[in-house]
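Visitor: Predicted model and sequence below, questions to follow.
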Amino acid sequence: MAALRGDFTDQTVLIYDTAGNHIGSSTINNHDRGSQQIQVNVMPDNLKINDNCKLLILSSPIPCEYSGIVKRTGGNLYIAMFKGQERESRGSVRYPVNTPAIIDALIIDNKYHPIQTPVRVSLINISTTGVRFRAPFYSFDKDDIFQMHLTISNSNKRVTAKVINFNDNEPESSDYGCSFIQIG
């Protein structure tokens, strides 16, 4: 579990309540690896001392998921992290997120192929292993690999992902389930 020993400073963190409701996003200003605490640049207003929360840290090459509890140390609010994991188990919660993103390239035979008109998508949920998004009807096929740009909490992330499945919901759109290959 090498990623769990890494430094999460300057990474984006999505913060959820224990029921899985998105309550905020932030950038990690400081990660104290010894005490496994993070200090974020913006603490969601509805998080108070001793509140439990769930954290999804958009680290590279894959996100990490933690449970956390809000603590005060030296006058500053921190989130103490515990029960970390690099990959979710089959039954883990997928976290809702309502963020636009842009897919600007396909990757075919390990070569980057820009898309002339980037595809604008809307994220539905995110987990430690992948993302689900809504895109215009039949934009991608199963096993397509693409590059996506997303902005969360004023942090830009470049994601490489592979389409695992898709569902046609309406005549105008499809939902795509994708696995992360890399987050940069």
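Guide: Perfect, I can see it now.
Visitor: how about the lowest-mean-pLDDT helix or strand in the chain: buried residues?
Guide: Using mean pLDDT, DSSP states H and E, strand 76-85 stands out as the lowest-scoring helix or strand of the chain, at a mean of 75. Across strand 76-85, burial judged by 16 or more other C-beta atoms under 10 Å covers Y78, I79, A80, M81, G84. Using the backbone N, CA and C atoms, a C-beta is placed for each residue, glycine as well.
Visitor: possible to save these as CSV with distance to S35?
Guide: Putting the buried residues of strand 76-85 into CSV (distance: C-beta to C-beta, whole Å) gives the following:
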residue, distance to S35
Y78, 8
I79, 11
A80, 7
M81, 9
G84, 14
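Visitor: any idea which of these is the one closest to N98?
Guide: I79 (22.2 Å; C-beta to C-beta).
Visitor: quick one: which helix or strand includes the closest residue to that closest one other than its chain neighbours?
Guide: In space, and not counting its chain neighbours, I79 is closest to G68: 4.3 Å by C-beta to C-beta, 6 or more residues apart in numbering. Secondary structure assignment for G68, by DSSP states H and E: strand 64-73.
Visitor: Put the alpha carbons of that strand into CSV.
Guide: C-alpha atoms of strand 64-73 as CSV (Å, rounded to 0.1, in the frame of the first residue of the first chain):
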residue,chain,number,x,y,z
CYS,A,64,-7.3,6.8,-1.9
GLU,A,65,-10.3,6.5,0.4
TYR,A,66,-10.3,7.2,4.1
SER,A,67,-12.7,7.5,7.0
GLY,A,68,-11.9,10.6,9.1
ILE,A,69,-12.8,12.6,12.1
VAL,A,70,-12.5,16.4,12.5
LYS,A,71,-10.0,17.4,15.3
ARG,A,72,-8.5,20.7,16.6
THR,A,73,-4.7,20.8,17.0
